[in-house]
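[1] got a sequence here, can you model it:
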Amino acid sequence: MLLSTGEAVGHTLGEDGVLTLQSTASDPPSGEPPAGEPVDGEPAEGQPDEATPRLAVINPAVGEVITEGDVTLVESTFTETGGMSMEIAPPPGEPDAEPAEVAISADGTQQAITSPTGDSATATTSDTGVLIAMGEGPMEATLENLDPGDEQPLVAADGTTVVAAPAENGEMVFLDADGNPAVKEDGTDYTAADMAAMVVDFDGEE
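    Below you'll find the model as predicted:
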């Protein structure tokens, strides 16, 4: 079977229920090579001579393993509580980096992610939205991605709900429910270091 992405996929299903999927990239279309690639058809520097097959083995009783050549990309196993634990290989070029880890609860409402650098985030899904608790590093990255005019609901470490609203001058302002600068019990302003979680509302209303 040939997918629209150009991958050829074959599969086998064993008597034990284990499903094996193998995909390989199809040949590129004929024509002029893209800019920066060798004209004589040789692979670009650092690229393999041939496409590396990707293999996925899915065991409904154990989990799934995805490999590409000799490299394990993803390894997932079912936990005793019915959830799933996953290890995701680091990006190419970083062979010594630790894998990212993902833990998913049995009902799928909680996902805990630990990055190779040790940063972590936990997403809890409810009927109304998702609460994503995260450490200081990921929180700083989240706030840096906001543009002037954006409004992002957050929960501070003390449980107070605020809204992050970057100003035109780049300063991050934290507002209360009335749109005024939010202040802590001691009268000081909230800062990025006080933030503990991001709120994603399914209906877009606060």
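
[2] tell me where the chain has helices.
    With helices called from DSSP state H, the chain shows them at 136-144.

[3] so where do the strands sit in this structure?
    7-13, 19-25, 54-59, 63-68, 71-78, 84-88, 100-104, 110-114, 120-125, 129-134, 152-156, 161-166, 172-175, 195-201 (DSSP state E).

[4] I would like the residues contacting the fifth one, please.
    Contacting residues not belonging to strand 71-78 are listed as 54, 61-67, 84-89 [Cβ atoms under 8 Å, 6 or more residues apart in numbering]. C-beta coordinates here come from the backbone N, C-alpha and C atoms, glycine included.

[5] how about stretch 90-99?
    87-89, 100, 116.

[6] minimum distance to Asp186: which of the strands of the chain has it?
    strand 152-156 (12.9 Å; Cβ to Cβ).

[7] about what we covered before: would you list the strands of the chain in CSV and tack on mean pLDDT?
    Formatted as CSV, the strands of the chain follow (pLDDT from 0 to 100):
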stretch, mean pLDDT
strand 7-13, 70
strand 19-25, 76
strand 54-59, 90
strand 63-68, 92
strand 71-78, 92
strand 84-88, 95
strand 100-104, 95
strand 110-114, 95
strand 120-125, 95
strand 129-134, 96
strand 152-156, 97
strand 161-166, 96
strand 172-175, 96
strand 195-201, 96
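
[8] dump those strands into JSON lines; add distance to Gly187 and mean neighbour count as well.
    As requested, those are exported to JSON lines (distance: least, Cβ to Cβ, whole Å; neighbours: other Cβ atoms under 10 Å):
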{"stretch": "strand 7-13", "distance to Gly187": "59", "mean neighbour count": "12"}
{"stretch": "strand 19-25", "distance to Gly187": "60", "mean neighbour count": "16"}
{"stretch": "strand 54-59", "distance to Gly187": "56", "mean neighbour count": "17"}
{"stretch": "strand 63-68", "distance to Gly187": "52", "mean neighbour count": "17"}
{"stretch": "strand 71-78", "distance to Gly187": "49", "mean neighbour count": "16"}
{"stretch": "strand 84-88", "distance to Gly187": "44", "mean neighbour count": "17"}
{"stretch": "strand 100-104", "distance to Gly187": "40", "mean neighbour count": "17"}
{"stretch": "strand 110-114", "distance to Gly187": "35", "mean neighbour count": "17"}
{"stretch": "strand 120-125", "distance to Gly187": "31", "mean neighbour count": "16"}
{"stretch": "strand 129-134", "distance to Gly187": "26", "mean neighbour count": "18"}
{"stretch": "strand 152-156", "distance to Gly187": "15", "mean neighbour count": "19"}
{"stretch": "strand 161-166", "distance to Gly187": "15", "mean neighbour count": "19"}
{"stretch": "strand 172-175", "distance to Gly187": "14", "mean neighbour count": "17"}
{"stretch": "strand 195-201", "distance to Gly187": "18", "mean neighbour count": "18"}
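
[9] appreciated, that's everything.
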